[in-house]
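Chemist: coords below, sequence missing:
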């Protein structure tokens, strides 16, 4: 049995040296244990013309929706490919929030690039952020893969000062929808924030929505630790919300779960891979998705409604470091099957353990069917998606603490994670 959804047998993992400590200003000699996930999916329509790369996160209010093998009710969050023929609607800060200084904005813009990708049968664009010396740029995997349509794309980046540079793919991580590309020129580096942002803190999103380079929108952090799910099931076979599988549509689809920041800064197709920064110009996340009001709006006519999502900066930093050092990133695996805990008689929400994998990490740590996991490393778990996102946010082989409710009693369980 597996995490939520299916995962492979555990593997041991070593601590990853931090090759970017100087760029990130970190005193730690090793990369922090942070986030990760998995993707594959369904064949989308080929693009006949250039369109900004992006994902829509559609919010459909449906009951009993199955998300990656775990039954859930209420608001189901799913991603879909987005062609992007909408107007940009810039979000305005609420009164009382001081505007970000123009000097900070200008500094951030120097580190953000427009990423153009061309393949034999498709082309598209997105954004990227320079995060390490040597020309290393982070973007979304769905940007460089053209949503799965390109296996050997030609990539160029356009800098803030108008240079057009050839780029090479260093490594892609479909599990977290992140990729690292490299140009043969040093670019101004955008530092990662040393502390995760809090709800209410100011944010600005910088990127190339709809191909409009160096666009800036402003907002706040609306929520942190949002577990987002993208994938499909047999029951949802007609839904357009799915990832493309690199092995082709005949391969089994897997669900991707990522921990994300929610922001009301306007994010549109083409912002994918771009920067979400705080008022000090530090990188807090990589923009990845927007929400719509339902499947009927999840098409080319949709746009920002003030609910955007960015992959948390801690996960981005870890994945970037591992890709630069090793060419690939690792992801934690717990070895349990879980569902949403919604029974009022239990008294708490969380992820309900249905089964444990024989000799898997969860079973070895003492987890049992019927346990309700309510927190990971102090972060509240509301449902099965949150648990999956937080577990995969940690590196393979790392140790995490789980808060568990069993028969009405609370206890802490330490688990050494396996790997996907």
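Modeler: On my side now, so go ahead. Bear in mind that the values here come from a model prediction, so they are computed numbers and not experimental data. Numbering: from 1, shown residues only.
Chemist: can you pull out the strands in the stretch 301-420 of the chain?
Modeler: Taking DSSP state E, counting those that start in this stretch, the strands of the stretch 301-420 of the chain run over residues 308-312, 332-333, 336-341, 350-356, 372-376, 379-380, 399-406, 409-416, 418-419.
Chemist: For these, please prepare a markdown table with the additional fields mean pLDDT, mean neighbour count and distance to residue 263.
Modeler: For the C-beta atoms, the positions are set from N, CA and C on the backbone; glycine is no exception. What follows is the strands of the stretch 301-420 of the chain, written out as a markdown table (pLDDT from 0 to 100; neighbours: other CB atoms under 10 Å; distance: least, CB to CB, whole Å):
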| stretch | mean pLDDT | mean neighbour count | distance to residue 263 |
| --- | --- | --- | --- |
| strand 308-312 | 92 | 28 | 5 |
| strand 332-333 | 94 | 28 | 26 |
| strand 336-341 | 95 | 24 | 25 |
| strand 350-356 | 96 | 23 | 25 |
| strand 372-376 | 97 | 22 | 22 |
| strand 379-380 | 94 | 14 | 18 |
| strand 399-406 | 96 | 18 | 26 |
| strand 409-416 | 96 | 13 | 31 |
| strand 418-419 | 94 | 23 | 31 |
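Chemist: Confirm that residue 120 sits in a strand.
Modeler: No. Membership of residue 120 in a strand is not supported by DSSP: H, G, I helix; E, B strand; the rest coil, which gives coil.
Chemist: what ranges of the stretch 1-150 of the chain fall below the confidence cut-off?
Modeler: 1-100, 147-150 (pLDDT under 70).
Chemist: Go through the strands of the stretch 301-420 of the chain and name the closest to residue 183.
Modeler: strand 308-312 (21.8 Å; CB to CB).
Chemist: what's that closest one packed up against?
Modeler: strand 215-230, strand 256-263, strand 283-292 (3 or more CB pairs under 8 Å, 6 or more residues apart in numbering; DSSP states H and E).
Chemist: Of all these, which one is nearest residue 173?
Modeler: Here strand 256-263 is closest among those (CB to CB), at 10.6 Å.
Chemist: gap between the nearest residue to residue 136 once chain neighbours are set aside and residue 398?
Modeler: Leaving out its chain neighbours, the residue that sits closest to residue 136 by CB to CB, 6 or more residues apart in numbering is residue 182, at 5.5 Å. Look at residue 182 and residue 398: by CB to CB, to the nearest Å, they are 27 Å apart.
Chemist: Then residue 369?
Modeler: Computed as CB to CB, the residue 369 to residue 398 distance reads 24 Å.
Chemist: quick one on the thing from earlier: quick one: what helix or strand has the residue nearest to residue 136 in it?
Modeler: Assigned by DSSP states H and E, residue 182 belongs to strand 178-183.
Chemist: what's the angle from that strand to strand 256-263?
Modeler: Orientation of strand 178-183 against strand 256-263 (axes from the mean of the first three to the mean of the last three CA atoms, to 10 degrees) gives an angle of 80 degrees.
Chemist: just checking, what packs against strand 178-183?
Modeler: By 3+ CB pairs under 8 Å, 6+ apart, strand 178-183 packs against strand 136-139, helix 141-144, strand 154-158, strand 164-173, helix 313-326.
Chemist: out of these, nearest to residue 195?
Modeler: Once the helices and strands packed on strand 178-183 are compared by CB to CB, helix 313-326 is nearest, at 9.8 Å.
Chemist: Could you check the angle the closest one makes with strand 283-292?
Modeler: 110 degrees.
Chemist: Now render the helices and strands packed on strand 308-312 as CSV, adding distance to residue 171, mean pLDDT and mean neighbour count.
Modeler: Output for the helices and strands packed on strand 308-312, formatted as CSV (distance: least, CB to CB, whole Å; pLDDT from 0 to 100; neighbours: other CB atoms under 10 Å):
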stretch, distance to residue 171, mean pLDDT, mean neighbour count
strand 215-230, 21, 88, 22
strand 256-263, 17, 86, 28
strand 283-292, 15, 87, 28
